[in-house]
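>>> the following comprises the amino acid sequence and a computationally predicted model.
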Amino acid sequence: MRKKDRHELIKQIIATHSISNQSELMTYLEEQGVTATQATISRDIRDLKIVKTIDEEGIPRFELFHEPNQASDDEDGKRLVRMIEEVIVKVERVQFMTVIQTLPDNANLLAAVLDDLSFQSIVATMASFDTIIIISRNEDDAQQVEAYLKDPHFNTIA
């Protein structure tokens, strides 16, 4: 199956089923005759900007994050604010670094969004399963990043 077709199928599965992890997604794909490795599914999740959210019943589930009509800088900013509100669990600054705890499986996507927006206050991001480390040039930049991530409605980031 071509990547594009697999992506469309993944979107359809996530829209119609409550998927809470990669194994469940792989099972649904296999039921549709699609065999893919865990690494391929991880890349697909990243490419499709799928995030893990908590539904009304408190159960984690995959959800498409990126809506197709989000092209302007203003829309990118709104998308980032929404993501910050939905996936960040904790923000802590340590000198010129900011450490972010996210919901599981969301750190890489949030780091990618921050990287894409090219903030001057952020030199680099490093992400794992549920943790991001943001490196800033100095403590002032790190304070700005921390303040923004803690309350993006009232703070700005450069």
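Arrived safely.

>>> right, and the helix or strand after the helix or strand of the chain with the lowest mean pLDDT?
For the chain, using mean pLDDT, DSSP states H and E, the weakest element among its helices and strands is helix 73-87, scoring a mean of 76. Note on helix 73-87: by DSSP states H and E, the next helix or strand toward the C-terminus is strand 88-94.

>>> now the helix or strand just after that next one - C-alpha only, PDB.
Per DSSP H and E, the first helix or strand lying C-terminal to strand 88-94 is strand 97-102. This file holds the C-alpha atoms of strand 97-102, laid out as PDB (Å, rounded to 0.1, in the frame of the first residue of the first chain):
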ATOM      1  CA  MET A  97      16.500  25.400  29.500                       C
ATOM      2  CA  THR A  98      12.800  24.700  29.700                       C
ATOM      3  CA  VAL A  99      11.600  21.200  30.500                       C
ATOM      4  CA  ILE A 100       8.100  20.300  29.400                       C
ATOM      5  CA  GLN A 101       6.200  17.200  30.400                       C
ATOM      6  CA  THR A 102       3.400  16.200  27.900                       C
END
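
>>> many thanks, have a good one.
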